[in-house]
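1. Give me a 3D structure for the following:
(chains A and B)
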Amino acid sequence: MGKTTLVKSVSEIEPLTTEENLTVAGIGTDSLDGVESKSTTTVALDFGRMTFTEQNLVLYLFGTPGQDRYWFMWDELSRGTLGAVVLVDTRRLPACFPALEFFEQRGIEYVVAVNEFDGGFRYTTEEVRDALTIRDQVPIVMCDARNTRSATAVLISLIEHVLLAVTSRTA
Amino acid sequence: MTAVPGDHPVLDGPLLDGAAGPVVRPYSVTYGRTRPRSMLDLTTMLLATGRTPRHMEPEHAQALRLCRLATSVAEVAANLQQPVVVAKVLLSDLIAWDALITGVPTVDNPDLQTMKDLLDGLRKLQFSDPYGDDPDRGEDSRRGGLRGG
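-> I've put the predicted structure just below:
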(Lines give C-alpha, C1' and ligand atoms only; values in the text may rest on other atoms or scores of the structure.)
Protein backbone atom coordinates (compact mmCIF):
# COMPACT_ATOMS: atom_id res chain seq x y z
CA MET A 1 0.00 0.00 0.00
CA GLY A 2 1.32 3.42 -0.93
CA LYS A 3 3.16 2.28 -4.06
CA THR A 4 0.94 4.27 -6.39
CA THR A 5 1.35 7.29 -4.13
CA LEU A 6 5.11 6.96 -4.03
CA VAL A 7 5.36 6.69 -7.81
CA LYS A 8 2.97 9.61 -8.21
CA SER A 9 5.00 11.78 -5.86
CA VAL A 10 8.11 11.63 -8.01
CA SER A 11 6.85 10.93 -11.53
CA GLU A 12 6.78 13.76 -14.04
CA ILE A 13 3.81 12.13 -15.75
CA GLU A 14 0.56 11.09 -14.14
CA PRO A 15 1.27 7.51 -13.11
CA LEU A 16 0.09 5.15 -15.78
CA THR A 17 -1.58 1.96 -14.84
CA THR A 18 -1.62 -1.12 -16.94
CA GLU A 19 -2.63 -4.68 -16.33
CA GLU A 20 -0.35 -7.65 -16.54
CA ASN A 21 -1.43 -11.16 -17.38
CA LEU A 22 -5.14 -11.31 -16.67
CA THR A 23 -5.21 -15.07 -16.26
CA VAL A 24 -2.83 -15.14 -13.32
CA ALA A 25 -4.49 -12.33 -11.41
CA GLY A 26 -6.98 -13.36 -8.81
CA ILE A 27 -5.30 -16.53 -7.62
CA GLY A 28 -4.88 -16.64 -3.87
CA THR A 29 -6.09 -13.95 -1.51
CA ASP A 30 -4.79 -10.61 -0.39
CA SER A 31 -4.00 -10.18 3.26
CA LEU A 32 -6.47 -7.77 4.76
CA ASP A 33 -5.38 -7.92 8.39
CA GLY A 34 -5.91 -4.48 9.86
CA VAL A 35 -6.51 -2.92 6.49
CA GLU A 36 -10.25 -2.44 6.46
CA SER A 37 -10.23 0.46 4.03
CA LYS A 38 -8.77 -1.58 1.20
CA SER A 39 -11.28 -4.04 -0.15
CA THR A 40 -9.87 -4.80 -3.59
CA THR A 41 -6.62 -6.44 -4.59
CA THR A 42 -4.24 -4.43 -6.68
CA VAL A 43 -3.43 -6.24 -9.86
CA ALA A 44 -2.33 -3.16 -11.69
CA LEU A 45 1.20 -2.17 -12.47
CA ASP A 46 1.94 1.46 -11.70
CA PHE A 47 4.46 3.14 -13.78
CA GLY A 48 6.14 6.54 -13.64
CA ARG A 49 9.00 8.35 -15.28
CA MET A 50 11.63 10.91 -14.28
CA THR A 51 13.73 12.67 -16.89
CA PHE A 52 17.05 14.24 -15.98
CA THR A 53 17.77 16.46 -18.96
CA GLU A 54 21.11 17.71 -17.74
CA GLN A 55 22.37 14.18 -17.13
CA ASN A 56 20.66 12.78 -20.25
CA LEU A 57 18.99 10.07 -18.19
CA VAL A 58 15.50 8.69 -17.87
CA LEU A 59 14.53 6.83 -14.73
CA TYR A 60 11.52 4.52 -14.90
CA LEU A 61 9.64 3.59 -11.78
CA PHE A 62 7.49 0.50 -11.54
CA GLY A 63 5.16 -0.24 -8.68
CA THR A 64 4.06 -3.84 -8.35
CA PRO A 65 1.94 -5.61 -5.75
CA GLY A 66 3.86 -7.28 -2.96
CA GLN A 67 2.14 -10.66 -2.78
CA ASP A 68 4.33 -13.55 -3.88
CA ARG A 69 1.82 -14.59 -6.55
CA TYR A 70 3.12 -11.61 -8.53
CA TRP A 71 6.65 -12.94 -8.67
CA PHE A 72 6.26 -13.51 -12.39
CA MET A 73 5.99 -9.74 -12.76
CA TRP A 74 8.96 -9.06 -10.51
CA ASP A 75 11.11 -11.48 -12.47
CA GLU A 76 10.51 -9.52 -15.61
CA LEU A 77 11.03 -6.16 -13.93
CA SER A 78 14.18 -7.27 -12.18
CA ARG A 79 15.89 -7.71 -15.52
CA GLY A 80 17.42 -4.32 -16.15
CA THR A 81 16.62 -2.85 -12.78
CA LEU A 82 18.90 -0.61 -10.80
CA GLY A 83 17.43 -1.68 -7.52
CA ALA A 84 14.23 -1.87 -5.56
CA VAL A 85 12.36 -0.06 -2.85
CA VAL A 86 10.39 -2.34 -0.55
CA LEU A 87 7.64 -0.08 0.74
CA VAL A 88 6.49 -1.24 4.14
CA ASP A 89 3.05 -0.64 5.59
CA THR A 90 3.47 -0.77 9.36
CA ARG A 91 -0.03 -2.19 9.74
CA ARG A 92 1.05 -5.35 7.99
CA LEU A 93 4.77 -5.74 8.37
CA PRO A 94 4.87 -9.46 7.42
CA ALA A 95 3.34 -8.63 4.02
CA CYS A 96 6.74 -7.57 2.76
CA PHE A 97 8.50 -10.86 3.57
CA PRO A 98 8.03 -12.25 0.03
CA ALA A 99 9.54 -9.11 -1.48
CA LEU A 100 12.54 -9.20 0.87
CA GLU A 101 13.07 -12.88 0.12
CA PHE A 102 12.80 -12.29 -3.62
CA PHE A 103 15.44 -9.56 -3.73
CA GLU A 104 17.75 -11.40 -1.31
CA GLN A 105 17.59 -14.58 -3.41
CA ARG A 106 18.36 -12.77 -6.63
CA GLY A 107 21.03 -10.49 -5.23
CA ILE A 108 19.10 -7.37 -6.23
CA GLU A 109 20.01 -4.33 -4.14
CA TYR A 110 17.13 -2.78 -2.26
CA VAL A 111 16.23 -0.38 0.49
CA VAL A 112 13.31 -0.67 2.88
CA ALA A 113 11.09 2.41 3.08
CA VAL A 114 8.62 2.59 5.93
CA ASN A 115 5.57 4.56 4.87
CA GLU A 116 4.40 6.62 7.82
CA PHE A 117 0.88 7.79 7.37
CA ASP A 118 -2.22 8.15 9.46
CA GLY A 119 -3.53 5.12 11.20
CA GLY A 120 -0.27 3.21 10.97
CA PHE A 121 1.75 2.14 13.96
CA ARG A 122 4.98 4.02 14.53
CA TYR A 123 8.12 1.97 14.79
CA THR A 124 11.76 2.96 14.91
CA THR A 125 13.99 1.78 12.08
CA GLU A 126 15.65 -0.65 14.49
CA GLU A 127 12.32 -2.15 15.48
CA VAL A 128 11.51 -2.67 11.81
CA ARG A 129 14.95 -4.18 11.22
CA ASP A 130 14.50 -6.62 14.10
CA ALA A 131 10.94 -7.52 13.19
CA LEU A 132 11.79 -8.27 9.59
CA THR A 133 15.35 -9.54 10.23
CA ILE A 134 16.83 -7.17 7.70
CA ARG A 135 20.59 -7.25 7.23
CA ASP A 136 22.55 -4.33 8.72
CA GLN A 137 23.81 -3.41 5.27
CA VAL A 138 20.30 -2.74 3.96
CA PRO A 139 19.20 0.85 4.62
CA ILE A 140 15.83 1.43 6.26
CA VAL A 141 14.32 4.86 5.73
CA MET A 142 11.17 6.44 7.05
CA CYS A 143 9.11 8.24 4.45
CA ASP A 144 5.87 9.93 3.65
CA ALA A 145 5.05 8.51 0.23
CA ARG A 146 2.79 11.51 -0.49
CA ASN A 147 5.63 13.97 -0.14
CA THR A 148 7.77 14.51 -3.22
CA ARG A 149 10.85 15.46 -1.25
CA SER A 150 10.47 12.48 1.05
CA ALA A 151 9.87 10.11 -1.87
CA THR A 152 12.90 11.52 -3.69
CA ALA A 153 14.96 10.96 -0.55
CA VAL A 154 13.99 7.28 -0.69
CA LEU A 155 15.30 7.06 -4.26
CA ILE A 156 18.47 8.87 -3.26
CA SER A 157 19.09 6.37 -0.46
CA LEU A 158 18.54 3.53 -2.92
CA ILE A 159 21.02 4.88 -5.47
CA GLU A 160 23.56 5.63 -2.73
CA HIS A 161 23.15 2.08 -1.50
CA VAL A 162 23.53 0.59 -5.00
CA LEU A 163 26.59 2.76 -5.67
CA LEU A 164 28.17 1.57 -2.44
CA ALA A 165 27.41 -2.05 -3.28
CA VAL A 166 28.81 -1.73 -6.81
CA THR A 167 31.92 0.04 -5.53
CA SER A 168 32.60 -2.56 -2.84
CA ARG A 169 32.07 -5.40 -5.31
CA THR A 170 34.62 -4.03 -7.73
CA ALA A 171 37.08 -2.91 -5.05
CA MET B 1 11.45 -13.42 -38.58
CA THR B 2 8.90 -12.84 -41.32
CA ALA B 3 5.64 -11.00 -40.99
CA VAL B 4 2.46 -12.37 -42.44
CA PRO B 5 -0.21 -9.72 -41.90
CA GLY B 6 -3.00 -12.08 -42.93
CA ASP B 7 -1.94 -14.71 -40.44
CA HIS B 8 -4.51 -14.96 -37.64
CA PRO B 9 -3.54 -17.75 -35.24
CA VAL B 10 -6.26 -19.38 -33.17
CA LEU B 11 -6.82 -18.71 -29.45
CA ASP B 12 -4.63 -20.59 -27.01
CA GLY B 13 -7.72 -21.50 -24.99
CA PRO B 14 -11.22 -20.32 -24.16
CA LEU B 15 -11.65 -16.98 -22.43
CA LEU B 16 -14.14 -17.31 -19.59
CA ASP B 17 -15.86 -14.83 -17.28
CA GLY B 18 -13.51 -12.14 -16.03
CA ALA B 19 -10.73 -13.34 -18.28
CA ALA B 20 -12.83 -12.39 -21.28
CA GLY B 21 -12.46 -8.74 -20.26
CA PRO B 22 -14.50 -5.78 -21.43
CA VAL B 23 -17.16 -5.84 -24.16
CA VAL B 24 -14.60 -5.09 -26.83
CA ARG B 25 -12.14 -7.77 -25.92
CA PRO B 26 -8.52 -6.69 -25.82
CA TYR B 27 -7.37 -9.85 -27.53
CA SER B 28 -9.53 -9.17 -30.57
CA VAL B 29 -6.98 -6.47 -31.28
CA THR B 30 -4.36 -9.17 -31.62
CA TYR B 31 -6.65 -11.71 -33.34
CA GLY B 32 -6.59 -13.72 -30.18
CA ARG B 33 -2.84 -13.99 -30.02
CA THR B 34 -1.44 -13.94 -26.52
CA ARG B 35 2.21 -14.65 -27.26
CA PRO B 36 4.38 -11.93 -28.73
CA ARG B 37 6.80 -12.95 -31.44
CA SER B 38 9.76 -11.15 -29.91
CA MET B 39 11.21 -11.26 -26.42
CA LEU B 40 9.99 -8.04 -24.88
CA ASP B 41 10.25 -6.91 -21.27
CA LEU B 42 8.26 -4.14 -19.66
CA THR B 43 11.39 -2.03 -19.71
CA THR B 44 12.46 -2.81 -23.28
CA MET B 45 12.85 0.50 -25.11
CA LEU B 46 11.31 0.99 -28.52
CA LEU B 47 11.97 3.50 -31.27
CA ALA B 48 10.21 3.97 -34.60
CA THR B 49 12.46 3.45 -37.61
CA GLY B 50 10.38 5.73 -39.81
CA ARG B 51 9.17 2.82 -41.88
CA THR B 52 5.38 2.51 -42.11
CA PRO B 53 4.01 -0.99 -42.69
CA ARG B 54 1.46 -1.14 -45.51
CA HIS B 55 -1.17 -3.23 -43.78
CA MET B 56 -1.63 -2.54 -40.13
CA GLU B 57 -4.50 -2.22 -37.70
CA PRO B 58 -5.35 1.14 -36.09
CA GLU B 59 -3.85 -0.15 -32.83
CA HIS B 60 -0.57 -0.84 -34.59
CA ALA B 61 -0.55 2.70 -35.94
CA GLN B 62 -1.31 4.05 -32.47
CA ALA B 63 1.51 2.00 -30.94
CA LEU B 64 3.88 3.15 -33.65
CA ARG B 65 3.02 6.81 -33.01
CA LEU B 66 3.79 6.32 -29.32
CA CYS B 67 7.30 5.19 -30.24
CA ARG B 68 8.40 8.24 -32.23
CA LEU B 69 10.53 9.05 -29.21
CA ALA B 70 12.22 6.21 -27.35
CA THR B 71 9.53 4.68 -25.14
CA SER B 72 9.26 1.63 -22.91
CA VAL B 73 6.88 -1.28 -23.47
CA ALA B 74 5.11 -0.44 -20.20
CA GLU B 75 4.47 3.12 -21.30
CA VAL B 76 3.06 2.01 -24.66
CA ALA B 77 0.76 -0.50 -22.94
CA ALA B 78 -0.52 2.11 -20.53
CA ASN B 79 -1.11 4.67 -23.27
CA LEU B 80 -2.88 2.12 -25.45
CA GLN B 81 -5.00 1.22 -22.41
CA GLN B 82 -4.40 -2.41 -23.17
CA PRO B 83 -2.99 -5.22 -21.04
CA VAL B 84 0.77 -5.54 -21.33
CA VAL B 85 0.58 -8.78 -23.26
CA VAL B 86 -1.64 -7.19 -25.93
CA ALA B 87 0.81 -4.33 -26.34
CA LYS B 88 3.65 -6.82 -26.62
CA VAL B 89 1.91 -8.68 -29.44
CA LEU B 90 1.28 -5.43 -31.34
CA LEU B 91 4.82 -4.21 -30.78
CA SER B 92 6.35 -7.51 -31.83
CA ASP B 93 4.39 -7.24 -35.10
CA LEU B 94 5.86 -3.79 -35.66
CA ILE B 95 9.34 -5.11 -34.91
CA ALA B 96 8.86 -7.95 -37.40
CA TRP B 97 7.77 -5.39 -39.98
CA ASP B 98 10.95 -3.34 -39.35
CA ALA B 99 8.87 -0.41 -38.15
CA LEU B 100 10.43 -0.50 -34.68
CA ILE B 101 13.80 -1.21 -33.23
CA THR B 102 14.41 -2.24 -29.63
CA GLY B 103 17.03 -1.49 -27.08
CA VAL B 104 17.48 -2.71 -23.54
CA PRO B 105 18.34 -0.48 -20.62
CA THR B 106 22.06 -0.58 -19.94
CA VAL B 107 21.69 -1.07 -16.22
CA ASP B 108 22.16 -4.80 -15.81
CA ASN B 109 25.71 -3.91 -14.98
CA PRO B 110 25.34 -0.26 -14.11
CA ASP B 111 28.41 1.84 -14.65
CA LEU B 112 29.47 4.12 -11.86
CA GLN B 113 29.22 7.29 -13.89
CA THR B 114 25.57 6.67 -14.78
CA MET B 115 24.77 6.02 -11.15
CA LYS B 116 26.59 9.15 -10.04
CA ASP B 117 24.80 11.21 -12.68
CA LEU B 118 21.48 9.84 -11.51
CA LEU B 119 22.29 10.61 -7.91
CA ASP B 120 23.30 14.12 -8.93
CA GLY B 121 20.01 14.56 -10.80
CA LEU B 122 17.93 13.29 -7.88
CA ARG B 123 19.70 15.55 -5.40
CA LYS B 124 19.20 18.61 -7.58
CA LEU B 125 15.55 17.70 -7.96
CA GLN B 126 15.14 17.39 -4.25
CA PHE B 127 16.39 20.90 -3.64
CA SER B 128 14.51 22.51 -6.50
CA ASP B 129 11.25 20.65 -6.18
CA PRO B 130 8.27 22.98 -6.52
CA TYR B 131 5.86 20.56 -4.85
CA GLY B 132 8.09 20.11 -1.82
CA ASP B 133 5.79 19.62 1.10
CA ASP B 134 2.43 19.42 -0.57
CA PRO B 135 0.90 16.10 0.46
CA ASP B 136 -2.27 16.88 -1.52
CA ARG B 137 -0.61 15.60 -4.66
CA GLY B 138 -0.78 12.10 -3.27
CA GLU B 139 -3.85 9.87 -3.36
CA ASP B 140 -3.68 9.31 0.37
CA SER B 141 -4.96 12.83 0.89
CA ARG B 142 -8.34 11.52 -0.23
CA ARG B 143 -8.51 9.51 2.94
CA GLY B 144 -9.03 12.86 4.59
CA GLY B 145 -6.87 12.27 7.64
CA LEU B 146 -4.49 14.81 9.12
CA ARG B 147 -0.85 13.99 9.39
CA GLY B 148 0.07 12.86 12.84
CA GLY B 149 3.56 13.00 14.18
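
2. Report the mean per-residue pLDDT for the helix or strand where A:Ala99 lies.
-> Per DSSP states H and E: A:Ala99 is located in helix A:97-106. Model confidence over helix A:97-106, given as mean pLDDT, is 91.

3. now swap in stretch A:2-17 and tell me
-> On average, stretch A:2-17 scores 84.

4. Can you tell me what sits against that stretch?
-> A:42, A:44-51, A:61-65, A:85, A:87, A:89, A:113, A:115, A:117, A:143, A:145-148, A:150-152, A:154-155, B:74-75, B:78-79, B:131, B:137-140 (Cβ atoms under 8 Å, 6 or more residues apart in numbering or on different chains). For every residue, glycine as well, the C-beta is placed using N, CA and C.

5. following the helix holding A:Ala99, which helix or strand comes up?
-> Immediately after helix A:97-106, counting by DSSP H and E, sits strand A:110-115.

6. need the longest helix for the chain.
-> You didn't say which chain, so I picked chain A. helix A:148-170 (DSSP state H).

7. sorry, should have said chain B
-> From DSSP H, the single longest helix across chain B is helix B:112-128.

8. All the strands of the chain, residue numbers only.
-> In the absence of a named chain, chain A is used. A:16-19, A:44-52, A:57-63, A:84-89, A:110-115, A:140-143 (DSSP state E).

9. wait, I meant chain B there
-> Using DSSP E, strands in chain B cover B:45-48, B:71-72, B:100-103.

10. possible to save the strands of chain A as JSON lines with distance to B:Leu122 and mean neighbour count?
-> Below are the strands of chain A laid out as JSON lines (distance: least, Cβ to Cβ, whole Å; neighbours: other Cβ atoms under 10 Å in any protein chain shown):
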{"stretch": "strand A:16-19", "distance to B:Leu122": "21", "mean neighbour count": "20"}
{"stretch": "strand A:44-52", "distance to B:Leu122": "8", "mean neighbour count": "20"}
{"stretch": "strand A:57-63", "distance to B:Leu122": "8", "mean neighbour count": "20"}
{"stretch": "strand A:84-89", "distance to B:Leu122": "13", "mean neighbour count": "24"}
{"stretch": "strand A:110-115", "distance to B:Leu122": "13", "mean neighbour count": "23"}
{"stretch": "strand A:140-143", "distance to B:Leu122": "14", "mean neighbour count": "20"}
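
11. Can I get these in CSV including distance to B:Asp98?
-> Output for the strands of chain A, formatted as CSV (distance: least, Cβ to Cβ, whole Å):
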stretch, distance to B:Asp98
strand A:16-19, 26
strand A:44-52, 27
strand A:57-63, 25
strand A:84-89, 35
strand A:110-115, 39
strand A:140-143, 45
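
12. Which of those has the lowest mean pLDDT?
-> Across the strands of chain A, strand A:16-19 gives the lowest mean pLDDT, at a mean of 67.

13. The longest helix of chain B to strand A:44-52, inter-axis angle?
-> 90 degrees (axes from the mean of the first three to the mean of the last three Cα atoms, to 10 degrees).

14. Which secondary structure elements does the helix holding A:Ala99 sit against?
-> With contacts defined as 3 or more Cβ pairs under 8 Å, 6 or more residues apart in numbering or on different chains; DSSP states H and E, helix A:97-106 has these neighbours: helix A:71-78, strand A:84-89, strand A:110-115.

15. Compare those and report which one is nearest to A:Phe103.
-> With respect to A:Phe103, and counting by Cβ to Cβ, the nearest of those is strand A:110-115 at 4.5 Å.

16. what are the pairing partners of that closest one, and which direction each?
-> Taking DSSP bridges as the criterion, strand A:110-115 forms sheet pairs with strand A:84-89 (parallel), strand A:140-143 (parallel).

17. Now tabulate those strands in CSV and tack on distance to B:His55.
-> As requested, the strands paired with strand A:110-115 are arranged in CSV below (distance: least, Cβ to Cβ, whole Å):
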stretch, distance to B:His55
strand A:84-89, 42
strand A:140-143, 50
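
18. Which residues belonging to the helix holding A:Ala99 are considered buried?
-> Across helix A:97-106, burial judged by 16 or more other Cβ atoms under 10 Å in any protein chain shown covers A:Pro98, A:Ala99, A:Leu100, A:Phe102, A:Phe103.

19. what angle do it and strand A:110-115 make?
-> 160 degrees.

20. ok now helix A:97-106, how far from the chain's centre?
-> 12 Å (Cα atoms, centre = their mean, to the nearest Å).

21. Please list the outside residues in contact with it.
-> With Cβ under 8 Å, 6+ apart as the test, helix A:97-106 has contacts from A:66-68, A:71, A:74, A:78, A:84, A:86, A:108-110, A:112, A:132, A:134.

22. one more time with 10 Å, if that's ok
-> A:64-71, A:74-75, A:78, A:81, A:83-88, A:108-110, A:112, A:132-135, A:138 (Cβ atoms under 10 Å, 6 or more residues apart in numbering or on different chains).
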